[in-house]
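Asker: Compute the structure for the input listed below.
(6 chains)
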Protein chains: 6
Amino acid sequence: MKKVVTFGELMLRLAPEGCLRFVQAEKFQATMGGAEANVAVDLACLGAEAAFVTKLPAHEIGQLAVNSLRRFGVDTSNILRGGARVGVYYCEKGASQRASKVIYDRAGSAIAEARPGEFDWDAIFGEAGWFHFTGITPALSEGCAALCLEACQAARRHGVPVSCDLNYRRNLWPREQAGRVMAGLMPYVRLLVANEEDAADVFGIHATGSDIEGGKLSREGYADVARQLSERFGIPEIAVTLRQSISASDNIWAGMLYSNQKCYFSKEYPVHIVDRVGGGDSFGAGLIFATLEGQSPAGRLEFAVAASCLKHSIEGDFNVISAGEARRLAGGSGSGRVQR
Amino acid sequence: MKKVVTFGELMLRLAPEGCLRFVQAEKFQATMGGAEANVAVDLACLGAEAAFVTKLPAHEIGQLAVNSLRRFGVDTSNILRGGARVGVYYCEKGASQRASKVIYDRAGSAIAEARPGEFDWDAIFGEAGWFHFTGITPALSEGCAALCLEACQAARRHGVPVSCDLNYRRNLWPREQAGRVMAGLMPYVRLLVANEEDAADVFGIHATGSDIEGGKLSREGYADVARQLSERFGIPEIAVTLRQSISASDNIWAGMLYSNQKCYFSKEYPVHIVDRVGGGDSFGAGLIFATLEGQSPAGRLEFAVAASCLKHSIEGDFNVISAGEARRLAGGSGSGRVQR
Amino acid sequence: MKKVVTFGELMLRLAPEGCLRFVQAEKFQATMGGAEANVAVDLACLGAEAAFVTKLPAHEIGQLAVNSLRRFGVDTSNILRGGARVGVYYCEKGASQRASKVIYDRAGSAIAEARPGEFDWDAIFGEAGWFHFTGITPALSEGCAALCLEACQAARRHGVPVSCDLNYRRNLWPREQAGRVMAGLMPYVRLLVANEEDAADVFGIHATGSDIEGGKLSREGYADVARQLSERFGIPEIAVTLRQSISASDNIWAGMLYSNQKCYFSKEYPVHIVDRVGGGDSFGAGLIFATLEGQSPAGRLEFAVAASCLKHSIEGDFNVISAGEARRLAGGSGSGRVQR
Amino acid sequence: MKKVVTFGELMLRLAPEGCLRFVQAEKFQATMGGAEANVAVDLACLGAEAAFVTKLPAHEIGQLAVNSLRRFGVDTSNILRGGARVGVYYCEKGASQRASKVIYDRAGSAIAEARPGEFDWDAIFGEAGWFHFTGITPALSEGCAALCLEACQAARRHGVPVSCDLNYRRNLWPREQAGRVMAGLMPYVRLLVANEEDAADVFGIHATGSDIEGGKLSREGYADVARQLSERFGIPEIAVTLRQSISASDNIWAGMLYSNQKCYFSKEYPVHIVDRVGGGDSFGAGLIFATLEGQSPAGRLEFAVAASCLKHSIEGDFNVISAGEARRLAGGSGSGRVQR
Amino acid sequence: MKKVVTFGELMLRLAPEGCLRFVQAEKFQATMGGAEANVAVDLACLGAEAAFVTKLPAHEIGQLAVNSLRRFGVDTSNILRGGARVGVYYCEKGASQRASKVIYDRAGSAIAEARPGEFDWDAIFGEAGWFHFTGITPALSEGCAALCLEACQAARRHGVPVSCDLNYRRNLWPREQAGRVMAGLMPYVRLLVANEEDAADVFGIHATGSDIEGGKLSREGYADVARQLSERFGIPEIAVTLRQSISASDNIWAGMLYSNQKCYFSKEYPVHIVDRVGGGDSFGAGLIFATLEGQSPAGRLEFAVAASCLKHSIEGDFNVISAGEARRLAGGSGSGRVQR
Amino acid sequence: MKKVVTFGELMLRLAPEGCLRFVQAEKFQATMGGAEANVAVDLACLGAEAAFVTKLPAHEIGQLAVNSLRRFGVDTSNILRGGARVGVYYCEKGASQRASKVIYDRAGSAIAEARPGEFDWDAIFGEAGWFHFTGITPALSEGCAALCLEACQAARRHGVPVSCDLNYRRNLWPREQAGRVMAGLMPYVRLLVANEEDAADVFGIHATGSDIEGGKLSREGYADVARQLSERFGIPEIAVTLRQSISASDNIWAGMLYSNQKCYFSKEYPVHIVDRVGGGDSFGAGLIFATLEGQSPAGRLEFAVAASCLKHSIEGDFNVISAGEARRLAGGSGSGRVQR
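Answerer: Residues are numbered from 1 along each chain as shown, chains lettered A, B, ... in the order given. Got it, this is the predicted structure:
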């Protein structure tokens, strides 16, 4: 399996212990996370080769960030060292009717301050077999938007397919800016992960009225949004995660894949949530992994949904599961009997 | 919003970590709690001014108790320092069919040994806009019963409305003594929180037979008990929390408010429990807060039930939520989606 | 109540904190466990006299193991000290669709290396009123198989009734060896705990085809398997735990007792799982305890199922509950209301 | 070696983690301790048979206390269960110039409320070979003073030698009351542990002026105090711990034994302190152990000082060391090289 | 005692547990600290009234910061809420030859972005009796430099004496800028805390050559530097902390006060370090406290040195000691005997 | 700098928290360690390329071990996966007169069961610039002894210099076997780390009588032992660590290098110990690093002693320091002032 390269920001995730609220915290669990780094770690755990590209300060907190990836086997040799700070995000775990809360403190991070020309994309993509980024990276700064374009162009030069998770973050940039920048990147994308909210926020794409049932999209509605995305930008495949939020403790999880003008819907999993942050990223990682394995569209979707279902039972941003675990769940073994 | 004064005992709460049983404990989480102190902290977090009145030893454990309130903005300037000990309660968290367990070790605490005349009630109520106490405080000792009466009389002198949570504790005093003492305090009360068990234990008030369905009160039954309480003591408003215990992990939570001879029933919330201690106190705090805000009876009830619903997702006795969080839940947002 | 003796291995249980996976672990909770030791501790907590027989190294880790039993009142005076190592098992707690995982590292433990003749069974059974072992102990080594036979023979000499939990472990021995060895021990057994998988794996006993519904045994199927076990080996009583695994977080728990050619089925409990390891052992302990108390077959079963239902809410291998708690749950009090 | 019986109070010790101050505490380490219970555990760890006699509540915190002793092999079969509370002491660890701090909350404990006649001393001393108590027990209450006398008389009836640690606690009783009560108990004592402050506080015994150097007693001063104690009460042996407090982190530790009108002084150990609470108790335990082993006076002293030197390196009240470890240190091996 | 106002930044302090290095961290202790906030908390613990002025984000991490001060009784009513981020500093505790390490991540904090005119200094100084700031605050940004000048001018208008700790931080600003800005603030200062390095870095003031012994200043050297500072800016009092760093674990601590043209040198304390961060701040707080108490120059110095000596034994930035503890140490009781 | 290859066992290190004894442990810190793996990690942290060769089980505990090395940048691509178990060692931290204690449970580990021919040494040494092993690896099993010989022969084939730490472990093999096997490996060694005890135990080499002062070797004695080792086996360089154990908390640390028939002695460092396990390994790593850097003999020694001095202040087996930190200490900066 060829190496997957992802590019973005790796942040220090500071989370109070257990279900404590921020104002009750005396300690923070210190792990690392960020959409594209999560995908890299998830892929490495599944068994793929994965490399993460970013910029991190030369000091020890930067080193802590690098080590968090190396530990799970991610290639960090293309991470630049320099700049002032490691971005931080504070993460409070919700429960029952109380929602989880995330406070970002990422402005001025080393990668947000990085400038075009700092990365040697040709060297990076020389051995690569896939490239993945999300809509968060170009939102970090104009420099990052330009770096994403650089990366996509280099990927195309090297014949490396590109996937993107649309991932709109309203506190990073306004809708019209997001729409303009992402529209410039879409022509490079072969597989787009996007839900209906992202499609509406970034590209103003909505399902037609008849596709809405009780305020939620119907199956046809999701298909319609995917079709519009695919057609507007010529993207062959659109994947969507389908989350029903019953409470902060319980969700129903599923996915859809629009491929070759056909729509596939996965099984639905009722999940009792341990940590849902990184759930979407693990879906993307699962999809890339199964794609590189050469599975069928339906098989790829079921693998990705099973992998990301398991993510909800795991602490932290990273989906530290094996491909076998995802396969077993996709194959039907979700009763959770003890494995000895 | 005028300042709310509460009066009672603040205890050291010693809880084994997570779901450990007492006999498995190697460490105790050391937080503070007590019905009236909880109400004061809950109000301060919601955004009200709140002051707590008690007596605590001059030593460092007494200071730890004072600090636990100051941290959340409660005015502690009327706490007397002296006496021998901080009361303790041991709290073991239940799960599934295993009930939570509380062992009290509060005899001889500084406040239980306090005597009438020690507090300067006129100074305390000079700036106050509300007074709250519960049936636990007069149960602590004869001195505390006399102090409650002193406080109620002073509140009346200053035109400060009084609320009370009936809160019968069988290991503190026998039923007839509770009935006699509480009957002497009821004339001062404008808003009484009481459930049907408390009403029966303390005042011998029962719903009429036809109001019982399958061993539980019907809606009419609750209304009937509230009406009797209101009429016997001339209390304008009676509030009741309605808890259905499915297991130690799952409850259904709702409330009723009898106001101006009308009964209001709130929405029901299925709650997955993190910590249910202090749930009733947070209902009282929510009701007082919404009352001081001048909301309608139905609005006050929904606010109080939403606030106390959220309490069940929070560790410790204190309901560290903002008024906005309670309003959002009362307004319908209970799906627990991540807030970024 | 006469003393219950159990014989087997006590291992160090190393479990990552909370729901962390093995590869995320920085600390291990260090408790002790093992099927027969669990039964001894469970019995001691219920209020019986219990003694555990094994061999443990003379060093401090062996002492830590001894102390873990003494702490709960188990008689450890017949534990031999010597040999090289304390067996270890690593235990990762599952959640939702992610199963719990156990990795054994028990080869070469002091008890696995013990030889016939090392234990003074006549002294051990002199004061005993019951003997219990499981199918794990004879699987540890040929020496342990011989020791089990020694123990059974001595128990018979002293008129001590014997119970056994069939407990087949595939990574310890192959089916035919298990079948041969266990068949040699069954003649001593008066009460056998076994589920349908164990019966099939060890003795090739299956329910007749018509007893299977949707891939699971029907009530009649369980009865049929119990009858066959009872008749083939002349065992008066067969008990079965009935676990429905909904997920790693939620199970439905019940039991069956075949006694005197009659089948008793217990109530079913939906359990929200804190820790299910040791659940089966706590059922055995409950059954032995209620048997020694002289309860009826139905009462013994309900007591055992209630006790083991509570085990699922308790961390670690040991079911640290009192007999009163099991009786109250069997009697109907499972709503988990706070006990003050 | 015959069984040593000790009698006194076992308290819950609540200590902030590490070097945190009380007002910084969020958790308390929950261990157990008390002068006479410490001696029992220390003896059991050294390899003696030891039994502890007290009264503890029937609830789970009482059980936690019982278990803390059983864990280390102390016989708890003579502990009465009943009464209201487990005494508590809060313990803050000092460092450098900041002294450790202890806040007692022990009034009203089950043992303080116990009454003469509750214990069956004849059964207790039937198998005993030694009895030990300290000056803390009779200070708890008049009932406890009477119980100490009962115990001493019973010990004499059974020919059991008695040791006592004078241990004056000013916050438990005034000097004159201590002097009167302790004088009544001294006639039963064969071995008294006492330092010069205790001798002065309780019995008004001071060294003669010339024995003081720079405000501290000289060797002759200590000998003089011991001689006076021995002669006034006819006690054959007086032992003294000699602590030089350099800071809360560093002490110099040694001891003296006055036996048969001769004075023995031990080696001096510079100790880097981990936890000094229980240091004096471990000296007493060492002395009793070595006495029962039949060592020479000098050997007994060196053993006791080495054992208690090691206590200063161990967390908690209990000196969990083996006799071999104390012997090796007394024999000269204090360089702390890793033992593999 | 009149209220002391301090002004500066309050940061989140993230420290690995115990002696772990940054790259070993899995959790961070989350406390708060900052030079002027430390002084406010230290004063509140000593028993003074203290208020802290800063700007903190409206979000929950900002609230956590506010609460950290309220907990110890600091008046936070003049803290502005707004801005983007709470500054962070990472703190790794050294040991032996390994130095402690601090990594700042404070750029862009709410207070650094604050602008002149945002604070109502006249209201703030209306009730104040002292004002304290350090050279760190004007170094944060031009806005903060202007705010410091605003504050000093307002203090003068209200007749409030001003103290300053020179505290040069090379990574915040260059020497010449520091010199220029601080020179503009010195005319308002009545008591300056500064060591010889700060004096040289900021103002180019050096001791004359003959005052240096073995690379370190002699007593005369310190006096000479103090005299120069006093004379150049007309500051009546100069205080200096004298730290000899033996290793990261052991220091010798003392202080000097130049007052009224006379030099006072304190006792020297050998300190075994628990946490030395905030040591200098606690010296300043001690000096202010003793000044407000009206002690003599020598008494003020000894009090401040004793208070800050104790700080080295306390975790975190805050010196949570009472005035009594500092007085007892200054009075000679540093042997660290247990206080019961 | 060319890659350093080390070969040996990586064990799970289980250590009670802080200074707790084994019998007090409720949790174990779970890190990894082993003499040769430590050297690899230490080198990677210093900035060298390092690869570790071993065999580890395919299960998750094996993966945890692999990850512990990857985290710090060690190349693990030559680690074989298979076999049954990860070796374990239990590690109790001593303090003051109480020695640290290590209990090994490593028999039957995957690497001990490995057989000659399993590793592709030619591939491993193709890119290598140095090979290091210790006397522990050949002691694990005959297979490991043969593997060490294979590795040494392959290293010679590839012109890779070899270093060895003699490291005699008496519980792994008897002296004569060690002497025979190690003598067969010495001809491949260019740099031997050995202390006088190892030299005596393994090779029967002693200093001549006149070189002993007060039971310890004199400088001449160390030189004499080094000379004998060098001459008997033709090893150009012999390095010795010189540890004076004052207590488990305080040591004096230094080293000697015999090179080219000349003896170099380093500075002495008084160390306050955080964790001394791995101290010797960090000396070896420092020496290899400085050798590859091409420093002078005296410079190499000072660097290695400074690096290993710092190790004593760091938790765990691994010396997570940078080369700059070692250089600064060697250059004189050991006063431990805070680095900001």
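Asker: which residue sits closest to the residue most central in space within chain A in space, ignoring its chain neighbours?
Answerer: Most central in chain A under C-alpha atoms, centre = their mean is residue A:281, positioned 2.8 Å from the mean C-alpha point. Spatial nearest neighbour of residue A:281, excluding adjacent residues (C-beta to C-beta, 6 or more residues apart in numbering or on different chains): residue A:38 at 3.8 Å. Glycine gets a C-beta too; all of them are placed from N, C-alpha and C.
Asker: Then residue A:61?
Answerer: Take residue A:61 and drop its neighbours on the chain: the residue closest to it by C-beta to C-beta, 6+ apart is residue A:86, 5.0 Å away.
Asker: so how far is residue A:62 from the one you found?
Answerer: 6 Å (C-beta to C-beta, to the nearest Å).
Asker: between those two, what contacts are shared?
Answerer: Residues touching both residue A:86 and residue A:62 by C-beta atoms under 8 Å, 6 or more residues apart in numbering or on different chains: A:56, A:110.
Asker: Ignoring the adjacent residues along the chain, who's closest to residue A:275?
Answerer: In space, and not counting its chain neighbours, residue A:275 is closest to residue A:315: 5.0 Å by C-beta to C-beta, 6+ apart.
Asker: so who does the one you found touch?
Answerer: Contact partners of residue A:315, counting by C-beta under 8 Å, 6+ apart, are A:29, A:274-275, C:18-20, C:24.
Asker: With residue A:188 instead?
Answerer: Shown in contact with residue A:188 (C-beta under 8 Å, 6+ apart): A:152-153, A:155-156, A:162.
Asker: go again using 7 Å as the cut-off
Answerer: A:152, A:155-156, A:162 (C-beta atoms under 7 Å, 6 or more residues apart in numbering or on different chains).
Asker: hang on, the earlier thing: can I get the contacts of residue A:315 in CSV with secondary structure?
Answerer: Output for the contacts of residue A:315, formatted as CSV (DSSP: H, G, I helix; E, B strand; the rest coil):
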residue, secondary structure
A:29, strand
A:274, coil
A:275, coil
C:18, coil
C:19, coil
C:20, coil
C:24, helix
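Asker: and residue A:289, that's in a strand?
Answerer: No: checked against three-state DSSP, residue A:289 lies outside a strand; its state is helix.
Asker: Just give the number of residues close to it.
Answerer: A total of 27 residues lie near residue A:289 under the criterion other C-beta atoms under 10 Å in any protein chain shown.
Asker: Can you check the pLDDT for it?
Answerer: pLDDT, residue A:289: 98.
Asker: Which one of the residues in the stretch 1-150 of chain A is closest to chain F?
Answerer: residue A:71 (3.9 Å; C-beta to the nearest C-beta).
Asker: What distance do you get for that residue to residue A:275?
Answerer: Applying C-beta to C-beta, the value for residue A:71 to residue A:275 is 18 Å.
Asker: These two: who's more crowded?
Answerer: With neighbours defined as other C-beta under 10 Å, residue A:71 and residue A:275 compare such that residue A:71 has more, 22 against 19.
Asker: so the more buried one touches residue F:69, yeah?
Answerer: No: judged on C-beta atoms under 7 Å, residue A:71 makes no contact with residue F:69 at a distance of 9.2 Å.
Asker: sorry, back to before: excluding sequence neighbours, find me the nearest residue to the residue of the stretch 1-150 of chain A closest to chain F.
Answerer: With sequence-adjacent residues excluded and distances taken as C-beta to C-beta, 6+ apart, residue A:71 is closest to residue F:71, at 3.9 Å.
Asker: Tell me, how many residues neighbour the nearest residue to residue A:199 once chain neighbours are set aside?
Answerer: Nearest non-adjacent residue to residue A:199, counting by C-beta to C-beta, 6+ apart: residue A:205, 4.3 Å away. Residues lying near residue A:205 (other C-beta under 10 Å) number 18.
Asker: Could you pick out the residues of the stretch 1-150 of chain A near chain E for me?
Answerer: Where the stretch 1-150 of chain A comes near chain E, counting by C-beta under 7 Å from any C-beta of the partner chain, the residues are A:14, A:22-23, A:25-30, A:59-61, A:63-64, A:67, A:84-85, A:88, A:90, A:103, A:105, A:107-108.
Asker: what do you get if the cut-off is 10 Å, keeping everything else the same?
Answerer: Residues of the stretch 1-150 of chain A lying near chain E by C-beta under 10 Å from any C-beta of the partner chain: A:12, A:14-17, A:21-31, A:57, A:59-64, A:66-67, A:84-88, A:90, A:92, A:101, A:103-109.
Asker: in the stretch 201-340 of chain A, what residue is nearest chain E?
Answerer: Taking C-beta to the nearest C-beta as the measure, the stretch 201-340 of chain A has residue A:316 as its residue closest to chain E, at 10.7 Å.
Asker: so that residue touches residue C:24, yeah?
Answerer: Yes: using C-beta atoms under 10 Å, residue A:316 is in contact with residue C:24, at 6.9 Å.
Asker: residue contacts, residue A:36?
Answerer: Residues in contact with residue A:36 (C-beta atoms under 10 Å, 6 or more residues apart in numbering or on different chains) are A:5-10, A:52-54, A:132-134, A:136-137, A:165, A:167, A:281, A:284.
Asker: What segments of chain A are helices?
Answerer: A:35-46, A:60-70, A:121-126, A:137-140, A:142-157, A:175-185, A:196-203, A:219-233, A:279-293, A:297-311, A:323-330 (DSSP state H).
Asker: Quantify the burial of residue A:84 by counting its neighbouring residues.
Answerer: For residue A:84, using other C-beta under 10 Å, the count is 16.
Asker: now the one 10 residues further on
Answerer: Other residues near residue A:94 come to 22 when the count uses other C-beta under 10 Å.
Asker: Setting aside sequence-adjacent positions, which residue approaches it most closely?
Answerer: residue A:248 (3.4 Å).
Asker: Might you enumerate the residues of chain A proximal to chain C?
Answerer: Residues of chain A lying near chain C by C-beta under 10 Å from any C-beta: A:17-18, A:31, A:45, A:71-72, A:250-251, A:253, A:269-275, A:306, A:309-316, A:318, A:320-322, A:325, A:328-329, A:333-340.
Asker: what about 7 Å?
Answerer: Residues of chain A lying close to chain C by C-beta under 7 Å from any C-beta are A:269, A:271-272, A:274, A:309-310, A:312-316, A:320, A:329, A:334-340.
Asker: PyMOL command for the buried members of the residues you listed?
Answerer: Restricted to buried positions by 16 or more other C-beta atoms under 10 Å in any protein chain shown, the PyMOL selection for these reads:
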select buried, chain A and resi 269+271+272+274+309+310+312+313+314+315+316+320+329+334+336+337+338
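Asker: and the residue of the stretch 101-250 of chain A nearest chain C?
Answerer: Counting by C-beta to the nearest C-beta, the stretch 101-250 of chain A gets nearest chain C through residue A:250, at 9.4 Å.
Asker: For the residue in the stretch 51-200 of chain A that chain C sits nearest to, list the residues it contacts.
Answerer: In the stretch 51-200 of chain A, the residue that lies nearest chain C is residue A:72 (7.7 Å; C-beta to the nearest C-beta). Residue A:72 sits next to A:41, A:44-45, A:318, A:320, F:67 when contact means C-beta under 7 Å, 6+ apart.
Asker: and if we set it to 8 Å?
Answerer: A:41, A:44-45, A:318, A:320, C:23, F:67, F:70.
Asker: Let's have those residues in a markdown table, adding pLDDT.
Answerer: Listed next are these as a markdown table, based on pLDDT from 0 to 100:
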| residue | pLDDT |
| --- | --- |
| A:41 | 98 |
| A:44 | 98 |
| A:45 | 98 |
| A:318 | 98 |
| A:320 | 98 |
| C:23 | 98 |
| F:67 | 98 |
| F:70 | 98 |
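Asker: tell me which of the residues you listed is nearest to chain B?
Answerer: Among those, residue A:318 lies closest to chain B (C-beta to the nearest C-beta), at 17.1 Å.
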